[in-house]
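1. Structure, please.
(one chain, ligands or ions: 3)
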Amino acid sequence: MQIHHLLEKRSIANTFVAQLRDLEIQKDRMRFRKNIERLGEILAYEMSQHLMYEKKDVVTPLGTASLELPKEDVVICSILRAGLPLHTGLLNFFDAAENSFISAYRHHPNNDENFEILVEYLASPSLEGKTLLLADPMLATGRSFVNVMKALETMGTPREIHLVAIIGAREGIEYVKESFPENSHLWIATIDEKLNDRGYIVPGLGDAGDLCFGTKMQH
Ligand SMILES: O=P(O)(O)OC[C@H]1O[C@H](OP(=O)(O)OP(=O)(O)O)[C@H](O)[C@@H]1O
Ligand SMILES: O=c1cc[nH]c(=O)[nH]1
Ligand SMILES: [Mg+2]
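-> Ligands and ions are numbered 1, 2, ... in the order given. Predicted coordinates for the structure are as follows:
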């Protein structure tokens, strides 16, 4: 798996990540979602340079222009809940993409720090031979990405897989790397060093799903 680390280079993306992390600024849910969306757009642009292109002719009022356009075989799949604003950002740029939605959440059966990842909902077109963008802003243990990819196997085999995330923990990235094909890519804004004993990224930003949409009841 090839890792593309956005914040290795300085850009305006640093501002959006800083605002996502900031304890005060992140209380503004609309700004939080918008910053994830804006980073989705930036990551879409970066990734677009690595997709397959084909020559097309465009008829203008004065003639014909020939140019290379990305192959229109992209499927964006986001992991509910926090994947939704990232999905919007990617779709703002790949506006002809097909779309999948899949749920994955941490279930704490004994109300302690131990959790399992449950995948319950999946709505997807065929992925056979297509370019799959799999989006979730947080890559902590990496188990959500891995479990979701397992569940997506019933939808066909994509030609290319691009994972898209905002913050990843180093050990989760290693786990994901082992489970995905060698020719897949991870597009990630920034990488943190550790996880705490509840599997949260440190310093991270907290619970992305709750910060986007509010807290949820355990069931
Ligand atoms: O890499 P992992 O250890 O699997 O953790 C990352 C997952 O945790 C969060 O989802 P959560 O389970 O909190 O669901 P939510 O989006 O509904 O809040 C996040 O959005 C990822 O899906
Ligand atoms: O740090 C983390 C880990 C999992 N899910 C989140 O939203 N944040
Ligand atoms: Mg959550």
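
2. Going by C-alpha atoms from here, please, whenever you check contacts or count neighbours.
-> Noted.

3. Have a look at the chain and report its longest strand.
-> strand 160-169 (DSSP state E).

4. roughly how far apart are the residue lying farthest from the centre of the chain and Ile161?
-> In the chain, Leu62 marks the outermost C-alpha relative to the chain mean, sitting 40.8 Å out by CA atoms, centre = their mean. Leu62 sits 39 Å away from Ile161 when distances are taken as CA to CA, to the nearest Å.

5. Same question for Ala96.
-> With distances defined as CA to CA, the gap from Ala96 to Ile161 amounts to 18 Å.

6. Repeat that for Lys71.
-> Lys71 sits at a distance of 14 Å from Ile161 (criterion: CA to CA).

7. my guess is Pro125 meets Met155, correct?
-> Yes: at 7.1 Å, Pro125 and Met155 qualify as touching, with contact defined as CA atoms under 8 Å.

8. Contact residues of this protein facing ligand 2?
-> When proximity is defined as CA under 6 Å from any ligand atom, the chain approaches ligand 2 at Met138, Ala140, Gly199, Tyr200, Ile201, Gly204, Gly206, Asp207, Ala208, Gly209.

9. Could you work out the most separated pair of those?
-> Gly199 and Gly209 (14.6 Å; CA to CA).

10. more crowded one of the two?
-> Neighbour totals were compared for Gly199 and Gly209, and Gly209 leads with 19 against 16 (other CA atoms under 10 Å).

11. Let me know the next secondary structure element after the lowest-mean-pLDDT helix or strand in the chain.
-> Using mean pLDDT, DSSP states H and E, strand 105-107 stands out as the lowest-scoring helix or strand of the chain, at a mean of 83. In the C-terminal direction, the helix or strand that comes right after strand 105-107 (DSSP states H and E) is strand 116-118.

12. Now the helix or strand just after that following strand: average pLDDT?
-> Using DSSP H and E, the helix or strand that directly follows strand 116-118 along the chain is strand 122-123. pLDDT averaged over strand 122-123 equals 96, rounded to a whole number.

13. swap in stretch 35-47?
-> Stretch 35-47 shows a mean pLDDT of 98 in the predicted model.

14. contacting residues for the spatially most central residue of the chain?
-> Nearest residue to the geometric centre of the chain (CA atoms, centre = their mean): Ala135, 2.2 Å. Ala135 makes contacts with Ile76, Cys77, Ser78, Ile79, Gly83, Leu86, His87, Leu163, Val164, Ala165, as judged by CA atoms under 8 Å, 6 or more residues apart in numbering.

15. Among the residues you listed, which are located in helices?
-> Gly83, Leu86, His87 (DSSP state H).

16. Most neighbours of all those residues, which one?
-> Counting by other CA under 10 Å, Leu86 has the largest number of neighbours within these, with 31 neighbours.

17. ok, that one touching Pro137?
-> Yes: A contact is recorded between Leu86 and Pro137 when judged using CA under 8 Å, the distance being 6.8 Å.

18. what about the longest helix in the protein?
-> Secondary structure assigned by DSSP H gives helix 29-48 as the longest helix of the chain.
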